[in-house]
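1. Generate a structure from the sequence data that follows.
(one chain, ligands or ions: 1)
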Amino acid sequence: MRVLAYVEELSAALEGERAAGAVVGLVPTMGALHEGHLSLVERASDECGAVCVTVFVNPLQFGVGEDLDAYPRPLEADMKVASEAGATLVFAPSRDEMFPSEPDVTVHAGRLGSRLEGAHRPGHLDGVATVVAKFFAMAGPCRAYFGEKDFQQLIVVRRLVRDLSYPVEVVGCPTVRAADGLALSSRNAYLSFEEREAAPVLFRALQAGAAMVLAGERQPEPVDDLMAAIIEAEPLARLDYAAAVGAATLERPSHLGGEVRLLGAASFGRARLIDNLGVSL
Ligand code: AMP
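-> So this is what the prediction gives:
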């Protein structure tokens, strides 16, 4: 596995892979790799001749007072597990290499980026869209693997590809969970023992919402209320939102139908966790 730090090297390496006939798989991450990330790498490895994992803690997607400095950066361990999962290349640029100065021209994630996560983390999805657009420009034609764990991010990235005509096929991959339902996340490392015990309430709330919808509830409000009540009943949880929305637009429909997505966010101590669950009607 090669490890590169410079954009020119990355572009040349992936161009070379394509010239040799390989499909390029791209797995953008912020590192601190866990089984969730590795499921994306393994899928890319099954489907592509070359697999590039990017490891970059993107400052543009962190708000003031968020955990940019504290975010874990275990690069050595990341390289080892990425290689074991089938990565052929790791791109780990410095902040200066990616953003030698504050970018002036950026991507706006639009209405999709202003709801839910966007409402609670203003500018977050613009920062994601901007860095992903840069990685796509550097990588060239590829298949890009993203987790459903960050469902709104996945929808924004699909829309970015469509609206800005990137030669990229976006592949959404299912959420990997711990045995008790908690979605794996690099931020789970912030949880104390008690918070870790409490955190699966987020997924349980989504499951209860899904059961309510499957039992016939078609108004979003009672579903939102049930999910919120379950999370709020956990003393260690601070609810940000819990919402049943249309999976394609992330807007609240008057009636639930078709592909519905239940999304929730809550903090446990200093760990802000998100999760989601799909229901097909
Ligand atoms: P991050 O490092 O948090 O930016 O995540 C990098 C990629 O891994 C994103 O596409 C995430 O959606 C995906 N990912 C993170 N956690 C999981 C998980 N538990 N299951 C599946 N994919 C995940």
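
2. my guess is residue 15 is in a helix, correct?
-> Yes: using DSSP: H, G, I helix; E, B strand; the rest coil, the assignment for residue 15 is a helix.

3. Next up, the contacts around it.
-> Neighbouring residues of residue 15 by C-beta atoms under 8 Å, 6 or more residues apart in numbering: residue 140. The way it works is simple: take the backbone N, C-alpha and C, and place the C-beta from them, glycine included.

4. ok, it to residue 131 distance?
-> Residue 15 sits at a distance of 21 Å from residue 131 (criterion: C-beta to C-beta, to the nearest Å).

5. which strands and helices sit next to the helix or strand containing residue 263?
-> Element membership for residue 263 (DSSP states H and E) is strand 259-268. Counting contacts by 3 or more C-beta pairs under 8 Å, 6 or more residues apart in numbering; DSSP states H and E, strand 259-268 packs against helix 151-164, helix 201-214, helix 220-232, strand 237-246, strand 271-280.

6. Just put those in JSON lines and tack on mean pLDDT, distance to residue 101 and mean neighbour count.
-> As requested, the helices and strands packed on strand 259-268 are exported to JSON lines (pLDDT from 0 to 100; distance: least, C-beta to C-beta, whole Å; neighbours: other C-beta atoms under 10 Å):
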{"stretch": "helix 151-164", "mean pLDDT": "98", "distance to residue 101": "22", "mean neighbour count": "20"}
{"stretch": "helix 201-214", "mean pLDDT": "98", "distance to residue 101": "38", "mean neighbour count": "20"}
{"stretch": "helix 220-232", "mean pLDDT": "98", "distance to residue 101": "41", "mean neighbour count": "18"}
{"stretch": "strand 237-246", "mean pLDDT": "98", "distance to residue 101": "32", "mean neighbour count": "20"}
{"stretch": "strand 271-280", "mean pLDDT": "98", "distance to residue 101": "29", "mean neighbour count": "20"}
